[in-house]
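Peer 1: Structure for the following, please:
(4 chains, ligands or ions: 4)
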4 protein chains.
Amino acid sequence: TAVKDGDEWVINGHKIMTSNGRVADFLVVMCRTEDDDSGNANLKMTQIIVPTDSPGLERIRSVPIWGHTGGDHMEIKYKDVRVPLENALGARGSGHQAAQDRLGAGRVYHCMNTIGQMWRAFDIMVKYSTQREVHGGKLETKQFIQGFIADSYIDIQAARLMTIHCAEVMDKGGNSRVDISAIKIFVPEAGSRVVDRAIQMHGWRGVSSDLPLAGMFQGFRTLRLADGPDEVHRILIAKQILKRYHDGLSWDFGV
Amino acid sequence: TAVKDGDEWVINGHKIMTSNGRVADFLVVMCRTEDDDSGNANLKMTQIIVPTDSPGLERIRSVPIWGHTGGDHMEIKYKDVRVPLENALGARGSGHQAAQDRLGAGRVYHCMNTIGQMWRAFDIMVKYSTQREVHGGKLETKQFIQGFIADSYIDIQAARLMTIHCAEVMDKGGNSRVDISAIKIFVPEAGSRVVDRAIQMHGWRGVSSDLPLAGMFQGFRTLRLADGPDEVHRILIAKQILKRYHDGLSWDFGV
Amino acid sequence: TAVKDGDEWVINGHKIMTSNGRVADFLVVMCRTEDDDSGNANLKMTQIIVPTDSPGLERIRSVPIWGHTGGDHMEIKYKDVRVPLENALGARGSGHQAAQDRLGAGRVYHCMNTIGQMWRAFDIMVKYSTQREVHGGKLETKQFIQGFIADSYIDIQAARLMTIHCAEVMDKGGNSRVDISAIKIFVPEAGSRVVDRAIQMHGWRGVSSDLPLAGMFQGFRTLRLADGPDEVHRILIAKQILKRYHDGLSWDFGV
Amino acid sequence: TAVKDGDEWVINGHKIMTSNGRVADFLVVMCRTEDDDSGNANLKMTQIIVPTDSPGLERIRSVPIWGHTGGDHMEIKYKDVRVPLENALGARGSGHQAAQDRLGAGRVYHCMNTIGQMWRAFDIMVKYSTQREVHGGKLETKQFIQGFIADSYIDIQAARLMTIHCAEVMDKGGNSRVDISAIKIFVPEAGSRVVDRAIQMHGWRGVSSDLPLAGMFQGFRTLRLADGPDEVHRILIAKQILKRYHDGLSWDFGV
Ligand SMILES: Cc1cc2nc3c(=O)[nH]c(=O)nc-3n(C[C@H](O)[C@H](O)[C@H](O)COP(=O)(O)OP(=O)(O)OC[C@H]3O[C@@H](n4cnc5c(N)ncnc54)[C@H](O)[C@@H]3O)c2cc1C
Ligand SMILES: Cc1cc2nc3c(=O)[nH]c(=O)nc-3n(C[C@H](O)[C@H](O)[C@H](O)COP(=O)(O)OP(=O)(O)OC[C@H]3O[C@@H](n4cnc5c(N)ncnc54)[C@H](O)[C@@H]3O)c2cc1C
Ligand SMILES: Cc1cc2nc3c(=O)[nH]c(=O)nc-3n(C[C@H](O)[C@H](O)[C@H](O)COP(=O)(O)OP(=O)(O)OC[C@H]3O[C@@H](n4cnc5c(N)ncnc54)[C@H](O)[C@@H]3O)c2cc1C
Ligand SMILES: Cc1cc2nc3c(=O)[nH]c(=O)nc-3n(C[C@H](O)[C@H](O)[C@H](O)COP(=O)(O)OP(=O)(O)OC[C@H]3O[C@@H](n4cnc5c(N)ncnc54)[C@H](O)[C@@H]3O)c2cc1C
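Peer 2: Ligands and ions are numbered 1, 2, ... in the order given. Below you'll find the predicted structure:
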């Protein structure tokens, strides 16, 4: 929470995952600024810029993710941290909406990034299948491996087309909420499948640091719960669609 | 096989699945016309038009599919059936290629048709979820059902975009073989998932003839093995992709 | 509902799915006999024997399932149907519990039956793989087919062992509710996977009536929603397990 | 390879993954000792004990797995390493069979270990669901979460029963090869599904080191390719089953 005191905000709180929280010079903190209990909770949040050298801001630890210590996902405590009123971004109560707007584009960006990595995993996998000799011939001659390649093609192509479609809807100013949630669910899952096959095909190499695959595997898994977990996005999609039916309309996939 | 005898083809053979074989006035029969053993087997087939009232053509039975007797998938025997030489379609040996060309477009058509049915199943499912009251409320308020709706949205959107993409590649005269095989695999599978959820949500109604869902379920299942089974299309995709890598290139999803 | 009138029950209602309703001489009808709104709804049901030639009992239609007309799943209307009081099975209000008891054993029986059919499908599939020659050799030499066989082995073995385990728990008088729901979900799904692979491997034969596979496929699909749909059984399992944790205990898989 | 030179073996080779290779005082090295090209390759291997301080044995690096440097999976080079003849374990050419025998039991042990971890993940997951409050109530009241619990129950119960069954077959001296390969495939996959759900339910906590879940997730994934990858075990199962059919028998699941 942030409370106004004279011409300053006084911020108190505890946030566990703050990516880049160690190296950053300032943080954008989402604070509850309105404390009455009535009305829409989404209208009570304000984003406030907080310099990381502010007195009262304490970096507790770097939270180890996937067993990697020393990363830059910081647990941070705010104890009576004071910043000038003008550090608020936008109007009071606009914080939630601003975050959603930025997160929408952020999610598309994450998906694009994932597609690039899937493509790279695909390239590594197909190349290796033409080189590695196992019992009875090259990997590329084995149907299990051919299945890995074909299914990965389908996963990448579907992920790519859905992400482009979503970006086009956004560009045209259409309602892209369903499509954003759809790619937020589909693309990291498809990415997990592709990189899982690439790992499998490489044996021990797949999980070693001789290849970038193990890192992708962890990253895609994390994506399924960061930026809103799959479950929440499934609910969002259903609610948007149901809303149209309650309004006496139906869903048009062709738009 | 068809053997030239004077100005006639003499056709002998036995073909079990001949769709529309009962009502049709003529059939297009794929015959082996060249009998030397050398060379490419694909160059030895010719398509020949055979009137169904030709002497020697015997309709053995209508093959029951999904337990439905009396359908129009005929088992047909050809015993010394004679037709004029000019009944051959195109040049001798062109039959295989002609069939592949027609099947490519046919597969895209089947996928479009499947997407239309998925969409209809989706519409039925969402509507019903807003009406049916079960223990504890309307179906639409249950997360399992919301998950059905969201996952079906994703399946339909992916199927739709991949099919449009494939048709665009064909239109531009590009190499669409990988994309045709990809939708031939993906779309009936996605369709099966969507209609499976729609059936589940309707309880006994889902498998009854009060709704079109049971028929879709059977049709989509059949599609996974007709027009080339999934396994063969997986192999085709892999081989096309591997060919590029053997040529020292890589795969470009962006084309 | 059934209302007591002198020494008779007067039954009114409309039930759509009544298996064997055409050939049966009498039906066991689950009636609401207690009409006060208080208390546990499960204690308000009584099972009553109704001869099918009772005046007021009307067979409306045989509901077509999977497109098969003329089957014996009857839609039946009850209009002021009168039967003697002694036709009630057991005490008033005992109907729900009696049905649950019988359904538990019935579900295990359905699973055993499903396992027998899976086994038969497996046998048909393995045999065919040793006989059918496709492009490049016998089906049994293809990895896709070997994968079908291996995965089907696993599905059948898991289904078999879980069903035996459940029956053992019942025999010993243990709490088998979680295990009954678990096999009610798992076994028809595993059966669907096995028979799906058997169908695929047989091409058009798989969906034709030359083999029993198409019928199994429909039957297993129906099982996923009859006798309590999967969703309801998932909820039941979770609630039973959560109850133990709320009681300060944990779950012991070893019992 | 190991070549006999007087009363010593002279070993040359390069092995990348040697677990415990850093701390071990001696290694058991599988060497090709028979160099004629004829006959069964499996009869040409011998296991030889090699002290890690032997001259010519060079530890090249610890191979980083899942991004963790400093682990004990060593890449080791053998250059003219000499050990006495009596360091051979068993008869010449018995190495492959000895390894298979030991690996069989080792695989069952890995599965038991995996089941213990799945159970722990299940316990953590159910407990957390009774504590964590999200939008609209406790996690335990959400159907998605109830589905996670129910499906995890099924996965653990199936994995447990199959592993016990396999151990019983081994105990009775039966042919357990199919069952060993079956659990080698099924149990790590089931474990991956269970821990994946546990991670998802915990949000960022799931992938952090505050819980043991991230480590399990990596370990189960590794198991799918170590000790023989899934693909090889699928082939082994199919071949064992097909052998019976070629011998005119069929498969009996009941033994
Ligand atoms: C953490 C870790 C520790 C290990 N410790 C040890 C150790 O202590 N000692 C030791 O000896 N080894 C060890 N290994 C090695 C391990 O046993 C091998 O990685 C594993 O058996 C697979 O062999 P490979 O990596 O050479 O893969 P390959 O044999 O090259 O196979 C690669 C992939 O190709 C595919 N494939 C292989 N054969 C076929 C086929 N016939 N048809 C279709 N597809 C096929 C599979 O997907 C497979 O995963 C370790 C591995 C790991 C990851
Ligand atoms: C071939 C066949 C024969 C049958 N024979 C008989 C018979 O002889 N006697 C008899 O009494 N019945 C019979 N039935 C009926 C059968 O028992 C019911 O179809 C089944 O129990 C489901 O009930 P419902 O169809 O009313 O579905 P509903 O209760 O309307 O449920 C529909 C769907 O909604 C979902 N759902 C339900 N509850 C929830 C929830 N709480 N949360 C989330 N989702 C939920 C599920 O997906 C469910 O499938 C038969 C059915 C079939 C198909
Ligand atoms: C309803 C229906 C209507 C039809 N109508 C017609 C029609 O009008 N005209 C017509 O010509 N045909 C028709 N067909 C036939 C259809 O095209 C074939 O069933 C289909 O192409 C598969 O061929 P098959 O049945 O001979 O299977 P097979 O070639 O015997 O293959 C059987 C299975 O083996 C597996 N398999 C095959 N090859 C491989 C491989 N290389 N590696 C691994 N696995 C493999 C696949 O799982 C495949 O499904 C129809 C089929 C159906 C079901
Ligand atoms: C590597 C990493 C970096 C991060 N960096 C940042 C950062 O820089 N800034 C920041 O603000 N956050 C950051 N996060 C936090 C991230 O946004 C949250 O982890 C994520 O949004 C989920 O929130 P939570 O962990 O509190 O999970 P919870 O909200 O507690 O949810 C836990 C789980 O419960 C289930 N669940 C939740 N709601 C429902 C529902 N209604 N119905 C059914 N199931 C439900 C889902 O499975 C969910 O995963 C980071 C996370 C990670 C892993």
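Peer 1: name the helices or strands packed onto the helix with the most length in chain A?
Peer 2: When every helix of chain A is counted residue by residue (DSSP state H), the longest turns out to be helix A:95-131. Here helix A:95-131 touches strand A:26-32, strand A:45-51, strand A:137-138, helix A:143-171, helix A:177-201, helix A:213-223, helix B:230-246, going by 3 or more C-beta pairs under 8 Å, 6 or more residues apart in numbering or on different chains; DSSP states H and E. No exception for glycine: its C-beta is placed from N, CA and C like everyone else's.
Peer 1: deepest of these, which one?
Peer 2: Among the helices and strands packed on helix A:95-131, helix A:177-201 has the highest mean neighbour count (mean count of other C-beta atoms under 10 Å in any protein chain shown), at a mean of 25.
Peer 1: Please, which helix or strand holds the residue positioned nearest the centre of chain A?
Peer 2: Nearest to the geometric centre of chain A sits A:Asp227, at 4.3 Å (C-alpha atoms, centre = their mean). According to DSSP states H and E, A:Asp227 maps onto no helix or strand at all.
Peer 1: Show the contacting residues for the closest residue to it other than its chain neighbours.
Peer 2: Using C-beta to C-beta, 6 or more residues apart in numbering or on different chains and skipping the chain neighbours, the partner closest in space to A:Asp227 is A:Arg107 (5.9 Å). Counting by C-beta atoms under 8 Å, 6 or more residues apart in numbering or on different chains, A:Arg107 touches A:Ile180, A:Ile183, A:Lys184, A:Asp227.
Peer 1: Kindly report the same for A:Gly106.
Peer 2: Counting by C-beta under 8 Å, 6+ apart, A:Gly106 makes contact with A:Asp227.
Peer 1: Let me have the helices and strands packed on helix A:95-131 in a markdown table, extended by mean pLDDT.
Peer 2: Output for the helices and strands packed on helix A:95-131, formatted as a markdown table (pLDDT from 0 to 100):
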| stretch | mean pLDDT |
| --- | --- |
| strand A:26-32 | 94 |
| strand A:45-51 | 94 |
| strand A:137-138 | 97 |
| helix A:143-171 | 97 |
| helix A:177-201 | 98 |
| helix A:213-223 | 98 |
| helix B:230-246 | 98 |
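Peer 1: right, and these - which one's nearest D:Thr69?
Peer 2: helix A:213-223 (12.4 Å; C-beta to C-beta).
Peer 1: what's in contact with that closest one?
Peer 2: With contact meaning C-beta under 8 Å, 6+ apart, helix A:213-223 is reached by A:65-66, A:110, A:114, A:117, A:121, A:124, A:188, A:191-192, A:195-196, A:198-199, A:202, A:206-208, D:65-67, D:196, D:199, D:207, D:217-218, D:221.
Peer 1: nearest to D:Val10, of the helices and strands packed on helix A:95-131?
Peer 2: strand A:137-138 (32.0 Å).
Peer 1: Can you give the distance of the closest one from its chain's centre?
Peer 2: Taking C-alpha atoms, centre = their mean, to the nearest Å, one finds the center of strand A:137-138 at 39 Å from the center of the full chain.
Peer 1: mind checking the SS state of A:Lys77?
Peer 2: With DSSP: H, G, I helix; E, B strand; the rest coil as the basis, A:Lys77 sits in strand.
Peer 1: how near is it to A:Glu58?
Peer 2: Here the distance between A:Lys77 and A:Glu58 works out to 5 Å (C-beta to C-beta, to the nearest Å).
Peer 1: and those two? which has more neighbours close in?
Peer 2: For A:Lys77 and A:Glu58, the more surrounded residue by other C-beta atoms under 10 Å in any protein chain shown is A:Lys77, and the numbers stand at 15 against 12.
Peer 1: wait, what's in contact with the residue in chain A positioned nearest to chain C?
Peer 2: Closest contact between chain A and chain C, by C-beta to the nearest C-beta, is at A:Gln143 (3.8 Å). By C-beta under 8 Å, 6+ apart, the contact set of A:Gln143 is B:Glu231, B:Arg234, B:Ile235, C:Lys142, C:Gln143, C:Phe144.
Peer 1: distance of the closest residue to it other than its chain neighbours from ligand 4?
Peer 2: The shortest distance from A:Gln143 to any non-neighbouring residue, by C-beta to C-beta, 6+ apart, is to C:Gln143 (3.8 Å). C:Gln143 is 36 Å from ligand 4, where distance means C-beta to the nearest ligand atom, to the nearest Å.
Peer 1: sorry, back to before: out of the contacts of A:Arg107, which is nearest to ligand 4?
Peer 2: Checking those against ligand 4 with C-beta to the nearest ligand atom, the nearest one is A:Asp227 at 5.7 Å.
Peer 1: just checking, that closest one touches A:Ile185?
Peer 2: No. Using C-beta atoms under 8 Å as the test, A:Asp227 is too far from A:Ile185 to be in contact (11.2 Å).
Peer 1: which residues touch the residue of the stretch 151-255 of chain A found nearest ligand 1?
Peer 2: At 2.0 Å from ligand 1, A:Gly203 is the closest residue in the stretch 151-255 of chain A, using C-beta to the nearest ligand atom. With contacts defined as C-beta under 8 Å, 6+ apart, A:Gly203 is in contact with D:Leu225, D:Pro229.
Peer 1: Look at A:Ile76 and report its pLDDT.
Peer 2: pLDDT for A:Ile76: 96.
Peer 1: give me the number of residues near it?
Peer 2: Residues lying near A:Ile76 (other C-beta under 10 Å) number 22.
Peer 1: now it: how far from ligand 4?
Peer 2: Going from A:Ile76 to ligand 4 by C-beta to the nearest ligand atom gives 10 Å.
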